[in-house]
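[1] With the input below, show me the fold.
(2 chains, ligands or ions: 1)
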Amino acid sequence: MPKNITIFTTNTCAYCVMVKKWLGAKGYNFEEVNIDQQPERQKDAYELSGQLAVPVTVVTKEDDTREVIVGYNLARLAPAVS
Amino acid sequence: MNENEVHDVVTIGAGPTALTAAIYTTREDIETLLLDKGAIGGLAAITDWVDNYPGFPEGIAGLELADRLQKQAERFGAKIDFAEVSSLAKKGNVIELDTTDGKIVAKAVLIATGSDYKRLGIPGEDEYYARGVHFCATCDGAFYRDRKLVVVGGGNSAAQEAVFLTRYATHIDMLVRGPKMRASDVLQKEVTKHSDKITVHYNTSTDKILGKDSKVVAVEGTENAKKKVTFETDGVFIFIGLKPNTTFLAGSGVELDEIGLVKTDEELHTNVAGIFCAGDVRSGATMQIASAAGEGATAALNIRKYLEELERNNP
Ligand SMILES: Cc1cc2nc3c(=O)[nH]c(=O)nc-3n(C[C@H](O)[C@H](O)[C@H](O)COP(=O)(O)OP(=O)(O)OC[C@H]3O[C@@H](n4cnc5c(N)ncnc54)[C@H](O)[C@@H]3O)c2cc1C
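    Presented below is the predicted three-dimensional model:
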């Protein structure tokens, strides 16, 4: 089980909705940072991912290591949260 | 996934076509599983605003329409799984699908995989992907607040997305390869309404995307096939058309047309019994959400007929 999951999203991003739906269906809790509502957090998403794209999902594990996944990428998301 | 379970209907894709088909099948108590590798609601979900879907006189956000379609299908018992189909094959009276969730077996399959964005295939496009090169305005537009952009393309999607991007960008250079836009008159008028922010460059090819320090800084093009032009920019959004999602059908025996769209008869049945196709991925489709919904309903009714015949012939 991860310690914490944060997703950077925007209002109009369908793949952000998909990451949230997928995490919800698997029973994971997450914190959402909407960069349309909090534009000042946009630079955090960029610094974490190195990309100008959302969703950015940050999975913090029990040992405090972090995995950053850009996009709706189940091949990376599923092992990261398990 | 239970490998021994035989589903009545499996749809490949969960866009407007498949979700509508599922509303019809599940209301008739036909068990239906939808598989999607991307966004539930398909391209409709990534469309900012839809003004031409009947029943919504003020228009509706694509994401909301997708959500409503999903809820309506689920209300009657449709199940949606997050999975990608990599191949399928007819085995006796059933169809076997290889998916990221294992093998799935169905009596009838609806191919409703729509299409994906085409790429330009120019230098810089792959290198700066998601670092200044984008294919989805509603996904990544927010990173370009108060920045300059280039939009490549002159069709409906390019026009629609350029207009969407004006809510963030200070200026957009729109590069159109031909002497005019292919976008509908309504959308061209929308572009003109935003001429304070959008400059359209006709007869302009897009040749190269230039970057510095891992960010896009400019786009190089050619005007009228001779004059080199450079557009300084912070990002490029590319909308030059769509290619059908049919590569997974290689080896399945399902017949495609010359551009890779699935051929069907009037009942939306492919040449392989039990495999139907509808929506954007079907040869002859009109590529609109309303027609996708219409085709989804037609396919569902024909699938019901097929399942009844299958039952009658194999009691
Ligand atoms: C930018 C843009 C704006 C548009 N605006 C409008 C508009 O205003 N009005 C309008 O009527 N139409 C509009 N359209 C067209 C409309 O979105 C499509 O006609 C409609 O979404 C087609 O529905 P579909 O279900 O056939 O395919 P899609 O919506 O493309 O859905 C197909 C689904 O299949 C999934 N899939 C593909 N391959 C696989 C696989 N191997 N395994 C599992 N899943 C798979 C995809 O992830 C996708 O979710 C627009 C399109 C674009 C690109």
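
[2] In the stretch 201-315 of chain B, what residue comes closest to chain A?
    Chain A sits closest to B:G235 of the stretch 201-315 of chain B, with a gap of 6.9 Å, by CB to the nearest CB. No exception for glycine: its C-beta is placed from N, CA and C like everyone else's.

[3] I'd say that residue and A:Q51 touch.
    No. In this structure, B:G235 is not within contact of A:Q51 by CB atoms under 8 Å, at 11.6 Å.

[4] And the pLDDT at B:K263?
    pLDDT for B:K263: 98.

[5] was I right about it contacting B:I275?
    No. In this structure B:K263 lies outside contact range of B:I275 using CB under 8 Å: 11.3 Å.

[6] Which elements pack onto the helix or strand harbouring A:P79?
    Taking DSSP states H and E as the definition, A:P79 sits inside helix A:74-81. Counting by 3 or more CB pairs under 8 Å, 6 or more residues apart in numbering or on different chains; DSSP states H and E, the packing neighbours recorded for helix A:74-81 are helix A:14-25, strand A:56-60, strand A:66-70.

[7] How much space separates B:D29 from B:F56?
    Separation of B:D29 from B:F56 (CB to CB, to the nearest Å) stands at 29 Å.

[8] same check, this time on B:Q70
    Distance check for B:Q70 against B:F56: by CB to CB, it reads 16 Å.

[9] now swap in B:E127 and tell me
    41 Å.

[10] swap in A:T60?
    41 Å.

[11] Next: B:D67.
    13 Å.

[12] ok so, going back, and B:D29 and B:F56? which has more neighbours close in?
    B:F56 (14 against 10; other CB atoms under 10 Å in any protein chain shown).

[13] So which residues on the stretch 1-150 of chain B come close to chain A?
    Contact residues (CB under 8 Å from any CB of the partner chain) of the stretch 1-150 of chain B with chain A: B:38-41, B:45-46, B:48, B:61-63, B:66-67, B:82, B:100, B:130-132, B:134, B:136, B:138-145.

[14] Show the buried residues in these.
    B:38-41, B:45-46, B:48, B:61-63, B:66-67, B:82, B:130-132, B:134, B:136, B:138-144 (16 or more other CB atoms under 10 Å in any protein chain shown).

[15] Close to chain A: what parts of the stretch 201-315 of chain B are there?
    Counting by CB under 8 Å from any CB, the residues of the stretch 201-315 of chain B near chain A are B:214, B:235.

[16] same thing but 10 Å
    Contact residues (CB under 10 Å from any CB of the partner chain) of the stretch 201-315 of chain B with chain A: B:214-216, B:234-235.

[17] Those residues, buried ones only, as a ChimeraX selection?
    To isolate the buried ones among those in ChimeraX, judged by 16+ other CB under 10 Å, type:
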select /B:216,234,235
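
[18] Next step: the residues of the stretch 201-315 of chain B next to chain A restricted to strands.
    Among these, DSSP state E puts B:215-216, B:235 in strands.

[19] center of chain A, which residue is that?
    Centroid-nearest residue in chain A: A:T57, 1.7 Å away (criterion: CA atoms, centre = their mean).

[20] Regarding the residue of chain A most remote from its centre, what is its secondary structure?
    Computed with CA atoms, centre = their mean, the residue of chain A farthest from its C-alpha average is A:D63, at 18.4 Å. Judged by DSSP: H, G, I helix; E, B strand; the rest coil, the three-state class of A:D63 is coil.

[21] Who are the contact partners of it?
    A:K3 (CB atoms under 10 Å, 6 or more residues apart in numbering or on different chains).

[22] Okay, it and A:M1: tell me how far apart.
    Counting by CB to CB, the gap from A:D63 to A:M1 is 12 Å.

[23] got it, and B:K243?
    Between B:K243 and A:M1 the distance is 40 Å, computed by CB to CB.

[24] next one: B:S195
    Counting by CB to CB, the separation of B:S195 from A:M1 is 53 Å.

[25] ok, which stretches of the stretch 201-315 of chain B are strands?
    Applying DSSP state E, counting those that start in this stretch to the stretch 201-315 of chain B gives strands spanning B:204-212, B:215-223, B:227-232, B:235-238, B:242-244, B:275-277.

[26] what's stretch B:90-105 in contact with?
    Contacts for stretch B:90-105 (CB under 10 Å, 6+ apart): A:74-75, A:78, B:1-7, B:10, B:12, B:33, B:35, B:37, B:81-89, B:106-109, B:248, B:252-254, B:272-275, B:310, B:313-314.

[27] Which pLDDT does the model give residue 80?
    You didn't say which chain, so I picked chain A. Reported pLDDT for A:A80: 94.

[28] Sorry, I should have been clearer: chain B.
    We have a pLDDT of 96 for B:I80.

[29] next one: B:N2
    65.

[30] which parts of chain B sit against the ligand?
    B:12-18, B:35-39, B:42-44, B:47, B:50, B:52-53, B:84-85, B:112-115, B:157, B:160-161, B:245, B:248, B:279-280, B:287-290, B:292 (CB under 6 Å from any ligand atom).

[31] so where does the closest residue to A:Y15 other than its chain neighbours fall, helix or strand?
    Spatial nearest neighbour of A:Y15, chain neighbours left out: A:Y72 (3.9 Å); criterion: CB to CB, 6 or more residues apart in numbering or on different chains. Under the criterion of DSSP H and E, A:Y72 resides outside all helices and strands.
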